[in-house]
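**Student:** Mind looking at a prediction? Sequence and model below.
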Amino acid sequence: MTIQEKLKKLRSEMERHGIDVYIVPDYDFHGSEYIGSYFKTREFITGFTGSAGTAVITFQEALLWTDGRYFIQARQQLEGTEFVLMKSGEKNVPSIAEYIERLEGAVIGFDGRMMPEYEAVRYGYTNPVICDIDLIGDIWEDRPEISHEKVWRFPEKYAGESCAEKISKIRGQMQEENADVLLMTGLDEIAWTLNLRGNDIKYTPVFLAFMIITQHKIHLFADRSIFSKEILNELNRNHICLEDYDSIYAAVTEIKQSRIWLDGTTANHKIMNSVQPDNVILDKFTPAFVYKAEKNQTEIENIKKAHLYDGVAMTKFLYWLKTNVGKIPLTELVLEKKLEEFRCRVKSYIEPSFAPIVAYQEHGAIVHYSATKETDCNIEAKGMVLIDSGAHYMEGTTDVTRTISLGAVTEEMREMYTAVLKGHLKLSAAVFPEGCTGVTLDYIAREALWKKGYNYNHSTGHGVGHVLNVHEGPNAFRYRIMENPGFNPPIRPGMVTSNEPGVYLEGKFGIRIENLILCKKMQKTDCGQFLGLEDLTLIPYDMELIDETALSPEESELLYHYHRMVFSKLAPYLEEDEKIWLKKYIKFS
C-alpha cells in the first residue's frame, strides 16, 4: 500500500470507531527508544524511518512531529505524501498537546500499550480518549510477529555484581521510599537487574519483559520459550517466578491497597489504567535506572578494555581508508561493511550498538543519516566523510564519531572542524564542583560555535549503558532544561556520557566529533568535592582538518596529550606500517 492508501484505510477505521484524532507514537510496550519490527507502527503509516517521531492523523490532516536530528531526513522521506513535518521545539510550532487542545471536543484515539503514561496524560486533559484500540494493527496485513529471541547470561565478571546483590539494593531503596511494590517496565532495567541480555531489539541486547518486585516475591513476565533450562534454574534460585508476558495487566489489577513505585516514562498507559484506585502511585525513576547509570569499578575496567579494542579496530580502519581512497572503488556502504570487519576481529564483539552512520559530503549534514542502496554514493579522494558508529563487546558499549578528510578540503571545512574540536576538547577537560548538571556544562562545548553564529540541534551528549542501550539516561549534556526534573541530574562519578558537538550545513557538509567520557572524582578542597571527565575513546582526530593557528595554547596542549595517550595505548596492537602511519597522522614525535 502507498502512504495515501494506508491513510484512507486508517481514516475508515477511525470513522467506524468514532475517533477524530489518532496518535501513532514510536514506542513498544516499554517506552523504548529503539524498537522491534512489530512495533514500528509510526514508520508503517508515515514512511519515516527515524528513531524519534509521532504521527497525528485527523480526517483533514496528517502530521509528523520529530526533533532536530531528523528534520532533513523527515522532509525527504515525507515528500510526495500527505504528511506535513512539524519541527518539534521550533518557533511557532505547537506541541502535540497544544495542537490537540485546539480541537475542542475531538475524540482522541491511541493504543494504550504503546503510549508511555507521561505522554498519554498530555493528550487527555480536555478531550475524550479511546485508548484500548490498535487501529494500525487492524490495517497492517503483513505485520511481523513480536520477537521472542533467546536470552543469554551476562556473567558477573563483566557486571561486577550478582543478581541477588542488585535485588537486595533495590529492595533497600524500596524500604526507604515506603514502596510495597516496584513495577519495572524498562527493558534495560530488567536486563541489568537480572544480569541477562537478549536479542529482541536490533542493536540493543534486551528482551521483552515486565517485572514486579515486593519484599518477599519477584514476578517476571516474559515468554518462557526464550529462556534456557540453565537460566530458568537460575531464576528459581533467585526466587523469581516466571509468568506469561501478556498477563502483566491482570497482575497489576490484582494489586490492592499498596504503594506502587513505577516510572511513567516507561510504564504504558494501559498499565497505569490497570492500577486500582485504592493504591498509591509513586511515579519516579526506579532504583535500577539510577543505579545502573553509575558504573561500578568492574564495569569501568571492562568499559576501558572495550574502548581499547574499539580504538584498535577503528584506527586500523582509518589506516585502510586513508591508504585506499582514490585507489579502489569505495561507497558509504562499503565503508560501513569494512569497519564492521575490523570490529569482528575482536573475540568478545557482539554487534553494532546502533545503525552506523557513514555520510559523505552533503550527507553529513543529515544528523542521523543512514546509507541505503538508493542513497549510497561513491567516495572520492576529496572532501570529508562523517562516520558515527559503535559496538557492543562483552566488556562494554562504545559510540564514536570521527569526521575524516579524504583529500582536498576547503578552508570553511577546516574552520568549522576546528571550532567543533575546540568545544569537544574543552568539555573533556572540564573540572567542576559536585552537583553540576549537564545543563551547566553544555555551554563549554558550544562556545566556539556560538561565537561564530553556529549551533547544532541536538544534545551535546547522552548517557551510555553497559552492554545495554547506547542512549541511556538520566545523564546528558544539553542546554535546554527538561520538563521532567529527573532528566536534569548532576553528573556523578561513574557516569559515562558522550561528548559530541557538531555543525551541519545543509547541502554542503556535516561535522561531528564524539568521544565517550567517564566522570571521576578530582580534588577535594574547602569548597567541596570536585569532579572531572576522562576520555574513554582512543581514536585519533584528523590533523588534516585542524587549523592549529586557531587553537589556544591550552587547546593545543589538550590535543597533544590526547594523541600521546592514544598512541601509547594503541601502538602495541598495531602493525609496523600502521604505527608509522599513525605517528605521521597525528604529528607525534
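**Tutor:** Structure's in. What do you need?

**Student:** Surely residue 301 is in a strand?
**Tutor:** No - Residue 301 is assigned helix when assessed by DSSP: H, G, I helix; E, B strand; the rest coil, not a strand.

**Student:** Roughly how far does it sit from residue 571?
**Tutor:** According to C-beta to C-beta, to the nearest Å, residue 301 and residue 571 sit 21 Å apart. C-betas here are computed from N, CA, C, even on glycine.

**Student:** List the contacts of residue 297.
**Tutor:** Residue 297 is in contact with residue 160, counting by C-beta atoms under 8 Å, 6 or more residues apart in numbering.

**Student:** My error: substitute residue 523 in the last question.
**Tutor:** By C-beta under 8 Å, 6+ apart, the neighbours of residue 523 are residue 530.

**Student:** mind listing what's buried in whichever strand or helix holds it?
**Tutor:** Assigned by DSSP states H and E, residue 523 belongs to strand 515-525. For strand 515-525, burial by neighbour count (16 or more other C-beta atoms under 10 Å) applies to 515-519, 522.

**Student:** Which of those residues sits closest to residue 366?
**Tutor:** residue 515 (21.8 Å; C-beta to C-beta).

**Student:** For the residue lying closest to the closest one once chain neighbours are set aside, the count of nearby residues, please.
**Tutor:** Among residues not flanking residue 515 along the chain, residue 537 sits closest, at 3.8 Å (C-beta to C-beta, 6 or more residues apart in numbering). The criterion is other C-beta atoms under 10 Å. On that basis, residue 537 has 24 neighbouring residues.

**Student:** Wait, a strand at residue 369?
**Tutor:** No - using three-state DSSP, the assignment for residue 369 is coil, not a strand.

**Student:** if I read this right, it contacts residue 73, doesn't it?
**Tutor:** Yes - when contacts are counted by C-beta atoms under 8 Å, residue 369 is listed as touching residue 73 (6.8 Å).

**Student:** Which one of the two is surrounded by more residues?
**Tutor:** residue 369 (22 against 19).

**Student:** Find me the pLDDT at that one, would you?
**Tutor:** Residue 369 carries a pLDDT value of 89.

**Student:** Kindly report the same for residue 487.
**Tutor:** Residue 487 is given a pLDDT of 87.

**Student:** Now it. Nearest residue, chain neighbours left out?
**Tutor:** residue 474 is the one closest to residue 487 (C-beta to C-beta, 6+ apart), at 5.4 Å.

**Student:** what phi and what psi does the backbone show at the one you found?
**Tutor:** phi -90, psi -10 (degrees, to the nearest 10).

**Student:** What residues does residue 512 make contact with?
**Tutor:** So residue 512 contacts 364, 367, 386, 388, 401, 403, 420, 500-503 (C-beta under 8 Å, 6+ apart).

**Student:** Among those, which one has the most neighbours?
**Tutor:** residue 501 (30 neighbours).

**Student:** Quick check, it in contact with residue 444.
**Tutor:** No - judged on C-beta under 8 Å, residue 501 makes no contact with residue 444 at a distance of 9.3 Å.

**Student:** For those two, list the residues in contact with both.
**Tutor:** Contacts common to residue 501 and residue 444, judged by C-beta under 8 Å, 6+ apart, are 423, 427.

**Student:** list the contacts for residue 188?
**Tutor:** Applying C-beta under 8 Å, 6+ apart, the residues contacting residue 188 are 204, 206, 292, 465, 468-469, 472.

**Student:** now do 6 Å
**Tutor:** 206, 465, 468-469 (C-beta atoms under 6 Å, 6 or more residues apart in numbering).

**Student:** what about the closest residue in space to it that isn't next to it in sequence, neighbour count?
**Tutor:** Leaving aside its sequence neighbours, residue 188 sits nearest to residue 468 (C-beta to C-beta, 6+ apart; 4.4 Å). Residue 468 is flanked by 23 other residues according to other C-beta under 10 Å.

**Student:** and if you look at the one 4 residues further on?
**Tutor:** By the criterion of other C-beta under 10 Å, residue 472 has 24 neighbours.

**Student:** try residue 452
**Tutor:** Residue 452: 11 neighbours (other C-beta under 10 Å).

**Student:** Helix or strand: which one has the nearest residue to it once chain neighbours are set aside?
**Tutor:** Among residues not flanking residue 452 along the chain, residue 419 sits closest, at 5.9 Å (C-beta to C-beta, 6+ apart). Assessed by DSSP H and E, residue 419 sits inside helix 411-428.

**Student:** Show me the contact partners of the helix or strand following that helix.
**Tutor:** Once helix 411-428 ends, the next helix or strand along the chain (criterion: DSSP H and E) is strand 431-433. The contact list for strand 431-433 (C-beta under 6 Å, 6+ apart) reads 522, 528, 530-532.

**Student:** Repeat the analysis, applying 10 Å as the threshold.
**Tutor:** Residues from elsewhere that reach strand 431-433, judged by C-beta atoms under 10 Å, 6 or more residues apart in numbering: 440-441, 444, 490-491, 519, 522-523, 525, 527-533.

**Student:** Could you list the residues in contact with the helix or strand hosting residue 16?
**Tutor:** Secondary structure assignment for residue 16, by DSSP H and E: helix 3-17. Contacts with helix 3-17, where a contact means C-beta under 10 Å, 6+ apart, come from 1-2, 19-22, 24, 44-48, 55, 57-60, 62, 77-78, 80-83, 107, 109, 130, 133-136, 138-141.

**Student:** In that helix, which residues are buried?
**Tutor:** 3, 6-7, 9-11, 13-14.

**Student:** List the contacts of the residue nearest the centre of the chain.
**Tutor:** The C-alpha lying nearest the average C-alpha coordinate of the chain belongs to residue 471 (C-alpha atoms, centre = their mean; 2.5 Å). By C-beta under 10 Å, 6+ apart, residue 471 lies in contact with 33-34, 51, 204, 353-354, 399, 459, 462-465, 498.

**Student:** Three-state assignment for it, please.
**Tutor:** coil.

**Student:** What's the per-residue pLDDT of residue 33 here?
**Tutor:** 89.

**Student:** How many residues are close by it?
**Tutor:** Neighbours of residue 33 (other C-beta under 10 Å): 18.

**Student:** Isn't the residue nearest to residue 452 up against residue 426?
**Tutor:** No - under the criterion of C-beta atoms under 10 Å, residue 419 makes no contact with residue 426, lying 11.4 Å away.

**Student:** If you count surrounding residues, which of those two has more?
**Tutor:** Neighbours per residue, other C-beta under 10 Å: of residue 419 and residue 426, the larger number sits with residue 419, 23 against 19.

**Student:** and the more buried one, what is it in contact with?
**Tutor:** So residue 419 contacts 446-452, 454, 501, 503, 511, 547, 550 (C-beta under 10 Å, 6+ apart).

**Student:** Turn these into CSV, columns for secondary structure and pLDDT.
**Tutor:** Listed next are the contacts of residue 419 as CSV, based on DSSP: H, G, I helix; E, B strand; the rest coil; pLDDT from 0 to 100:
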residue, secondary structure, pLDDT
446, helix, 98
447, helix, 97
448, helix, 97
449, helix, 98
450, helix, 98
451, helix, 97
452, coil, 97
454, coil, 97
501, coil, 98
503, strand, 98
511, strand, 98
547, coil, 97
550, helix, 97
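
**Student:** Could you identify the buried members of the residues you listed?
**Tutor:** Buried among those (16+ other C-beta under 10 Å): 446, 448-449, 454, 501, 503, 511.

**Student:** one step back: in strands, which of the contacts of helix 3-17 fall?
**Tutor:** 21-22, 24, 55, 57, 62, 109, 130 (DSSP state E).

**Student:** Out of those, which comes closest to residue 382?
**Tutor:** Closest to residue 382, out of all of the ones in strands among the contacts of helix 3-17 and judged by C-beta to C-beta, is residue 55, at 39.7 Å.

**Student:** ok, that closest one - how many residues close by?
**Tutor:** By other C-beta under 10 Å, neighbour count at residue 55 equals 27.
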